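> from the sequence below, what's the structure:
(chains A and B)
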Amino acid sequence: MMRFSIQTIPFALVFLASGLTSVHAGEHVYSANNAKWKTECGACHLAYPPQLLPAASWRVMMTQLDKHFGADASLDAKTAAEISAFLEANAGRNKREATGKPSQRITGTRWFKQEHDEVPTRIWSSPAVKQPGNCAACHTQAERGDYSERSLRVPR
Amino acid sequence: MKHLSHKLIILLALAATGLAQPVFALTAADTLRQLEQSAKQTDPNFKGVSVQRGERLFKATHGAEWSCASCHTENPGASGKHAKTGKLIAPLAPAANAERFTRPDKVEKWFRRNCNDVLSRACTASEQGDVLAYLMTIKN
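Next comes the predicted model:
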């Protein structure tokens, strides 16, 4: 009996650890990191976490970077390949988002709208926010991948 | 403050061993010389870069929504802001930002992207030289 419980400890620890990871995911803290993703995507806007779109969306986006939301964001092939692999490996796995035409707009996903359904219009259009893609206006630690309620400060 | 002095010591150590050298491959003046050479090779009528032409190109719109100044502002010695996302852009003039125009891959990437956005086509080497010549006249 004793031997049995000692053997189960490592399994229990693994189980606990995986439990903690999912708690984190539930709190919207994203830790996946890649230096090229951070530098290149973060040059013009916040480097949005790969988890926020499904792999199919990232795949399409990365082949159309020369027409990226109205701007040319093209990359050399080697850098684009590295970033694509990182985005797809860490992409969101929400099955409902994965159906239909892959959307490139994070703020257009069903998930985003549900998460933000209590945010009034005047906040979105306030000078401090201006547009829904401006995560850091309210998510003060967005630059570090932390979108938790703890770090949330909605500007008045 | 303690953190800063640590960084400073590391930088000084790197500089002393010559390791800090490869960080900036070129100076902005080197980049300008390369653009001039490339312009000479591609355009037999090239008669040198022009600060005035560069300033005009930088500040005017060219059929599209944005000019260079839309994001980099009318004063390239100051910080700019992305016209769409609002993200802070470090100053473009080499006098205000020593990193600018020191890495050929970055120079190529940003002229390619931004000329496409502002002029809806690639810029010639001569045009790139004009803009850089103008930016090099900005004093910090």
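
> can you tell me the element residue B:138 falls in?
Here residue B:138 sits in a region with no helix or strand, counting by DSSP states H and E.

> residue contacts, it?
Shown in contact with residue B:138 (CB atoms under 8 Å, 6 or more residues apart in numbering or on different chains): B:75-77, B:93, B:95-96. (C-beta placed from N, C-alpha, C; glycine too.)

> also residue A:93?
Counted by CB under 8 Å, 6+ apart, residue A:93 has contacts residue A:54.

> from residue A:84, how far off is residue A:77?
10 Å (CB to CB, to the nearest Å).

> related to what we said a few turns ago, max pairwise distance over the contacts of residue B:138: which two?
Using CB to CB, these span at most 11.8 Å, a distance reached by B:75 and B:95.

> neighbours of residue A:105, how many?
Other residues near residue A:105 come to 13 when the count uses other CB atoms under 10 Å in any protein chain shown.

> can you check the pLDDT for it?
Looking at residue A:105, its pLDDT reads 96.

> residue A:116 and residue A:133 touch, don't they?
No: counting by CB atoms under 8 Å, residue A:116 stays clear of residue A:133, with 11.8 Å between them.

> the residue nearest the centre of chain A: what's it in contact with?
Centroid-nearest residue in chain A: residue A:49, 2.8 Å away (criterion: CA atoms, centre = their mean). The neighbourhood of residue A:49, defined by CB under 8 Å, 6+ apart, consists of A:30, A:32, A:90, A:145, A:147.

> which residues of chain A fall in helices?
Counting by DSSP state H, chain A has helices at residues A:2-26, A:35-41, A:55-63, A:77-89, A:95-98, A:110-115, A:121-124.

> export only the CA atoms of the fourth one, formatted as PDB.
Only the C-alpha atoms of helix A:77-89 are listed here, as PDB (Å, rounded to 0.1, in the frame of the first residue of the first chain):
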ATOM      1  CA  ALA A  77      11.200  34.100 -46.300                       C
ATOM      2  CA  LYS A  78      13.400  32.700 -43.500                       C
ATOM      3  CA  THR A  79      12.000  35.000 -40.800                       C
ATOM      4  CA  ALA A  80       8.400  34.500 -42.000                       C
ATOM      5  CA  ALA A  81       8.900  30.700 -41.800                       C
ATOM      6  CA  GLU A  82      10.200  30.800 -38.300                       C
ATOM      7  CA  ILE A  83       7.400  33.100 -37.100                       C
ATOM      8  CA  SER A  84       4.700  31.000 -38.900                       C
ATOM      9  CA  ALA A  85       6.000  27.800 -37.200                       C
ATOM     10  CA  PHE A  86       5.900  29.500 -33.800                       C
ATOM     11  CA  LEU A  87       2.400  30.900 -34.300                       C
ATOM     12  CA  GLU A  88       0.900  27.700 -35.600                       C
ATOM     13  CA  ALA A  89       2.500  25.500 -32.800                       C
END
